[in-house]
Structures are given as structure tokens and as C-alpha cells.
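[1] just to be clear, the model below is a prediction. Sequence and coordinates:
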Amino acid sequence: MSTDALQFAQRRAWRSTLPLWWSNLAAVYATRTPPDLVRARRWYRRAAVAGDLRGCFEYGLMLLRGEGGAAHPAAGRRLLERAAKGRDLDALKVVAHAYRTGTLGFPSSPRAARMYGAECDRVQRAMLLFSKAYAALEAGQPGRARRLFTQGAALRDAGCALGLGYLYDHALGGRRDVQQAESWYRRAHAWGETLCAPYNLGLLMAERGRMSLARRWLQRAASTGDRDAAAALKRLQSGRLPGAPRMCR
């Protein structure tokens, strides 16, 4: 891992309130040559405490293995299950396997293994639907994209919910419907999409004249280190409409 990559990850993590960037910095420390597992553990722990699913999964594994500090197997297993219940794909795979085989200190439980395995299949289907929908959108097939995003959103996929909001917002694949756009952006955010949903909600609220809500959502987006959101907030405060919604991949 290059010094430039480390410096970039450090800047994003230090200026952001978004736990995603803390997990990213932890991953950079963990994959350096040689790895800095003490710092990786510290940043994964910070992300996990803030509720980041990747942080919960990686910090849980480090506690199980005693990497970067003392081993705490029971706490590690709790974090793995928390990440799995939050639908982190890697956590679902690990926990399903652990219950199926009785490893990592988990009791053997065919029922729990089936439950987590089924959820893993649903998450993978939703990810595939998102990829197909995004490709259809880029290929100029908004109607197909809307159908695929709808199927993925039915599986509670945050990316697909964001995609649906974006399509309704831009009148792609059908008429424009700002109420549906707001509803799907809000669901995307509730399901864990923290990069684009707050930004898009801020722009939509500004367009609809709900300036207090617009500022609140844009401030939330800007607090993550999002420069677009910070610029949009500045434009809003000067009395101008902030910009155009965006789609995150």
C-alpha cells in the first residue's frame, strides 16, 4: 500500500464523521507491508462503536484472533452476529459457516445456519440486481433499470432504493414523482446509504422550498467530508439552489 493511499485515507478519516472512512483507514493499515494491526484495530473499533457494519465484522475477527491486541472471543462473536444481522455479506457468510460447522466458538445450529445462509442469498441477489440496474441505466434503458431497482428494493437493498429515488427524481423510466423520490431516498438512508441519500434529500428539500430540512440534510452530508455537499450548503446559504442529485455506485 503506497504512502499516498495512506495519506488520502488518513485525511478522509480525520475530517469525516462517516464511520465508513474510519473502516477504510483501518483496512489501509491492515494491508500495509508490514501491516500495522494495532492502528487497524483502533480504527476498526472506532467504526464498530459508531455502528459501521464493516467495522463490526473486521473488529470482531480481530478480537477472535487476538490481532493487534488481546483476544476477546465472546465479544468478537457478538460483533460478527451484529454485522450479519445488519446484512453485511462477508459477516453473513462467516456466521452461517460457523453455525453450520460449530467453529469460531459458535454452537452447531443447522437452523441458524439456514437462516443466515438464506439472508446471504437475498443480499447477493440484491447486489446482482443493483449491478444489472446500474448497467441498464448507463446503457440508456431507464425502464429496465426501474424494474430491476424495484426488485432489489423489495429485498431492502439500500443501493436499489437510492436508484429508485434517483429515477423518480429525474423522471427516468416514467413520470417525475418527487414524493416517491423523497420516500425512496429516505429508505435508502435508513437502510445504510450514507453517501448520496442525504445529499439528494437536501437538494430535493431545497427545490420544494423546505429550507430547514434542506440545510439539515446537506449539513449531515457535509459532515462526512463530502465536498459536493459542503459546496451545495454554501450555495443554499447564499440564496441559490444547490445543484443536481447524483447516483452512487
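    That came in fine, so what should we check first? Because the structure is predicted, anything quoted here is derived from the model rather than measured.

[2] can you list the domains in this structure?
    Under automatic domain parsing, the residue ranges defining each domain of the chain are 3-108, 126-237.

[3] export those domains to TSV and tack on distance to residue 119?
    Backbone N, C-alpha and C define where each C-beta goes, glycine included. Converted to TSV, these look like this (distance: least, C-beta to C-beta, whole Å):
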stretch	distance to residue 119
domain 3-108	6
domain 126-237	10
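
[4] of those domains, which is nearest residue 116?
    Residue 116 lies closest, by C-beta to C-beta, to one member of those: domain 3-108, at 3.8 Å.

[5] distance from the chain centre to the host helix or strand of residue 235, please.
    Under the assignment given by DSSP states H and E, the secondary-structure element containing residue 235 is helix 227-237. Between the mean C-alpha location of helix 227-237 and the chain-wide mean there is a distance of 22 Å, by C-alpha atoms, centre = their mean, to the nearest Å.

[6] likewise for stretch 151-168?
    The chain centre lies 13 Å from the centre of stretch 151-168; the measure is C-alpha atoms, centre = their mean.

[7] need the three-state assignment for residue 51.
    With DSSP: H, G, I helix; E, B strand; the rest coil as the basis, the three-state label of residue 51 is coil.

[8] now do residue 224
    Assigned state for residue 224: coil (three-state reduction, three-state DSSP).

[9] just give the closest residue to it, not the sequence neighbours.
    Once flanking residues are discounted, residue 224 sits nearest to residue 18: 3.7 Å by C-beta to C-beta, 6 or more residues apart in numbering.

[10] contacting residues around the one you found?
    With contacts defined as C-beta atoms under 8 Å, 6 or more residues apart in numbering, residue 18 is in contact with 194-195, 223-225.

[11] identify the farthest-apart pair in those residues.
    With distance counted by C-beta to C-beta, no two of these lie farther apart than 195 and 223, which are 12.4 Å apart.

[12] one step back: helices or strands up against the helix holding residue 235?
    The elements that helix 227-237 packs onto, with contact taken as 3 or more C-beta pairs under 8 Å, 6 or more residues apart in numbering; DSSP states H and E, are helix 197-207, helix 211-222.

[13] tell me the buried residues in that helix?
    Judged by neighbour count using 16 or more other C-beta atoms under 10 Å, the buried positions of helix 227-237 are 228-229, 232-233, 236.

[14] now stretch 30-37
    Across stretch 30-37, burial judged by 16+ other C-beta under 10 Å covers 30, 32, 36-37.

[15] distance between the longest helix seen in the chain and the chain's centre?
    Scanning the chain for the longest helix, with DSSP state H as the assignment, gives helix 110-138. Centre-to-centre, helix 110-138 and its host chain are 15 Å apart (C-alpha atoms, centre = their mean).

[16] from the contact counts, what lies against that helix?
    helix 89-101, helix 142-153, helix 158-170.

[17] check those helices for me and report the most buried one.
    Mean neighbour count, computed with mean count of other C-beta atoms under 10 Å, is highest for helix 158-170 among those, reaching a mean of 26.

[18] elements contacting that helix?
    Using 3+ C-beta pairs under 8 Å, 6+ apart as the contact criterion, the elements in contact with helix 158-170 are helix 110-138, helix 142-153, helix 178-190, helix 197-207.

[19] follow-up on the earlier one: farthest pair within the buried residues of stretch 30-37?
    Greatest spatial distance in those: 32 and 37, 9.7 Å, computed using C-beta to C-beta.

[20] burial of residue 139, as a residue count?
    10 (other C-beta atoms under 10 Å).

[21] ok, back up a step: among the contacts of residue 18, which ones are buried?
    Among these, those that count as buried by neighbour count (16+ other C-beta under 10 Å) are 194-195, 224-225.
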